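Participant: Here is a sequence together with a model predicted from it:
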Amino acid sequence: MGNPGFSLPALQIIASLWGDPVGVYTAPDRRRGRGLARGFSDIKAYSLEKCWPIFQPPSLKIGAAIQRFVDLKPDLVVVAAYGLLIPPEMLSVPKHGFLNIHPSLLPKYRGPSPVPSAILDGVDETGISIMLLDEGFDTGPVLAREATKIFHGEKADALTRRLFEMGARLLAECAPRWIDGRISPQPQDSSIATYTAKLSREDGRVDWQESAPMLCRRFRAYTPWPGLYTGWRGKRLRLLDAKELSTQEEKPQPGKYTPGVVEVRSEAPDALAIQAGGGTTLLVRRLQMEGRRAQGAAEFLRGYPQIVGERLPS
């Protein structure tokens, strides 16, 4: 059970260990892009190539979906970024249960956004957990964990892919041992659990009172979605490449800074330099005006020189 491309390694591991799956569950097709062409998940695309049975229920709580799952008689189910709640009636069906690949070191960062939350918190380390699903929300016992450093400047999309690649390798190690009865799942310590919230588009809106280092964390955490954006002249302005201005020639002067004001600085003439909180400056080298294509900052300034000196959002 999974949707995005980064869950593919887990599906490939399943096939390498046990052959063709009895079923692959993924999200329903949906229309995408300006032409609203019907598109489907990466998991479905791969499964179609392999001629595996594909199931795309909008919900698993309806009786027909539950009965169809029961009829498959699965021995084990692997869940990797699937997104639908598994009802209790299904949890008890597979002899060896549901193994979930969760991109954090449980019980830390339970919930739907563990990778962005770890980046926002500025922690140096995260990891992957293989856990047994139960009726709680990421509360089941853990079969295996593996930690990793968060690389400097690593964005959520790259870190997520790396974690799920780790998760697939860890699954290959622990799933056969679990089936053979050679692993005892360890209960989570809920007293030290932390929880994450579902991201919304509003999370990507810039508050220029925040410092540039914090805005850089948000940029990394919200790549690819919801992204980081502000407003200019009534339109959304997406910030596609953001970093903190670092210079030894000039020390921050908070009293002279007005958060949100746009400049062009000699230290970075190919970027918009936007004043942020605490006397810091955010450099934006690539951006996109709503309804327009993405542009480098130099090209953007040739088309919109009037942005220099204005205060965002406006």
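Facilitator: Yep, that arrived. Numbering: from 1, shown residues only.
Participant: For the lengthiest helix in the chain, buried residues please.
Facilitator: Criterion DSSP state H: the longest helix present in the chain is helix 156-179. Neighbour counts over helix 156-179 (16 or more other C-beta atoms under 10 Å) mark 156-157, 159-164, 166-168, 170-172, 174-175, 178-179 as buried. C-beta coordinates here come from the backbone N, C-alpha and C atoms, glycine included.
Participant: now do stretch 285-293
Facilitator: For stretch 285-293, the neighbour count (16+ other C-beta under 10 Å) marks Arg285, Arg286, Leu287, Gln288, Met289 as buried.
Participant: mean confidence score for the strand or helix carrying the fourth one?
Facilitator: Applying DSSP states H and E as the criterion places Gln288 in strand 281-289. Strand 281-289 shows a mean pLDDT of 97 in the predicted model.
Participant: Which other helices and strands does that strand contact?
Facilitator: helix 212-221, strand 235-244, strand 268-275, strand 294-296, helix 297-303 (3 or more C-beta pairs under 8 Å, 6 or more residues apart in numbering; DSSP states H and E).
Participant: can you list the residues that contact the third one?
Facilitator: For strand 268-275, the surrounding residues in contact (C-beta atoms under 8 Å, 6 or more residues apart in numbering) are 208, 245, 257-265, 267, 281-285, 287, 296-298, 300-301, 307, 312.
Participant: Any of those buried? List them.
Facilitator: 208, 245, 257, 259-262, 264, 281-285, 287, 297, 300-301, 307, 312.
Participant: hmm, back to that, by how many degrees do the strand holding Gln288 and helix 212-221 diverge?
Facilitator: Put simply, strand 281-289 runs at 40 degrees to helix 212-221, going by axes from the mean of the first three to the mean of the last three C-alpha atoms, to 10 degrees.
Participant: Direction included, what does strand 281-289 pair against?
Facilitator: strand 235-244 (antiparallel), strand 268-275 (antiparallel), strand 294-296 (antiparallel) (DSSP bridges).
Participant: what comes up buried for stretch 40-50?
Facilitator: Applying 16+ other C-beta under 10 Å to stretch 40-50 flags Phe40, Ser41, Asp42, Ile43, Lys44, Tyr46, Ser47 as buried.
Participant: Restricted to strands, list the residues you listed.
Facilitator: Members of those lying in strands (criterion: DSSP state E): none.
Participant: just the buried residues of stretch 285-293 now: which is nearest Met90?
Facilitator: Gln288 (42.2 Å; C-beta to C-beta).
Participant: how close does the closest one sit to Ala271?
Facilitator: Distance of Gln288 to Ala271, given as C-beta to C-beta, to the nearest Å: 15 Å.
Participant: Check Lys155 too.
Facilitator: For Lys155, the distance to Ala271 - C-beta to C-beta - is 18 Å.
Participant: again, but for Gln209
Facilitator: From Gln209 to Ala271 the distance is 21 Å (C-beta to C-beta).
Participant: These two: which is more packed in?
Facilitator: Legend: neighbour count by other C-beta atoms under 10 Å for Gln209 and Ala271, higher for Ala271 (25 against 11).
Participant: ok, now how distant is the more buried one from Gly278?
Facilitator: Using C-beta to C-beta, which is the criterion applied here, Ala271 is 19 Å from Gly278.
Participant: repeat for Arg30
Facilitator: Taking C-beta to C-beta, one finds Arg30 at 42 Å from Gly278.
Participant: the more surrounded of these two?
Facilitator: Neighbour totals were compared for Arg30 and Gly278, and Gly278 leads with 14 against 10 (other C-beta under 10 Å).
Participant: Tell me what the residue lying closest to that one once chain neighbours are set aside is bridged to.
Facilitator: If the residues on either side of it in the chain are set aside, Gly278 comes closest to Ser211, at 4.4 Å by C-beta to C-beta, 6 or more residues apart in numbering. When bridges are called by DSSP bridges, Ser211 pairs up with Gly277.
Participant: Could you chop this protein up by domain?
Facilitator: Following automatic domain parsing, one gets these domains for the chain: 5-192, 201-307.
Participant: weakest of those domains in terms of mean pLDDT?
Facilitator: When the domains of the chain are compared by mean pLDDT, domain 201-307 comes last with a mean of 92.
Participant: you'd agree Pro224 is up against Thr160?
Facilitator: No - the pair Pro224 and Thr160 does not pass the contact test of C-beta atoms under 8 Å, sitting 9.7 Å apart.
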